[in-house]
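Enquirer: Requesting a structural model of the entry that follows:
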Amino acid sequence: MAKTTEELSAERLAKAERRRLAAESGAQAIAEIERDAIAVRKNMERLRALRETRDAAAAQVGPAPSAPAAKRSKRIKRIVR
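Expert: Numbering: from 1, shown residues only. As a prediction, the model looks like this:
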């Protein structure tokens with residue numbers, strides 16, 4: 001059964017529309033991913049600055065006093081029956 005040229009052009013138009021919509025949604029997805037990546041890098045930079053200031057303040061105060069060594073308990077050999 002042969003299709004008429006009118007049916008072919010309608011199918012071609014529909015296919016072209018689907019491709020256009022797919023391209024638009026793909027571009028939007030890529031833009032969203034890039035925005036998210038920028039936000040993550042910005043947050044990492046903020047956290048790095050906070051960590052560096054915290055470490056610098058800790059270095060000025062000096063090392064933290066170490067806790068006394070925990071006493072090791074004697075190992076008990078158990079007899080398996």
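
Enquirer: CA atoms of stretch 26-33 as PDB?
Expert: Once non-C-alpha atoms are left out, stretch 26-33 reads as follows in PDB (Å, rounded to 0.1, in the frame of the first residue of the first chain):
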ATOM      1  CA  GLY A  26      18.300  18.400  25.700                       C
ATOM      2  CA  ALA A  27      19.600  21.900  25.600                       C
ATOM      3  CA  GLN A  28      17.600  22.800  28.700                       C
ATOM      4  CA  ALA A  29      18.900  19.700  30.500                       C
ATOM      5  CA  ILE A  30      22.500  20.600  29.700                       C
ATOM      6  CA  ALA A  31      22.000  24.100  30.900                       C
ATOM      7  CA  GLU A  32      20.500  22.900  34.200                       C
ATOM      8  CA  ILE A  33      23.400  20.500  34.700                       C
END
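
Enquirer: average model confidence for it?
Expert: Stretch 26-33 carries an average pLDDT of 97.

Enquirer: do the same with stretch 49-65
Expert: 85.

Enquirer: quick one: the helices in the chain?
Expert: 5-61 (DSSP state H).

Enquirer: Could you tell me how many residues sit around residue 12?
Expert: A total of 10 residues lie near residue 12 under the criterion other C-beta atoms under 10 Å. For every residue, glycine as well, the C-beta is placed using N, CA and C.
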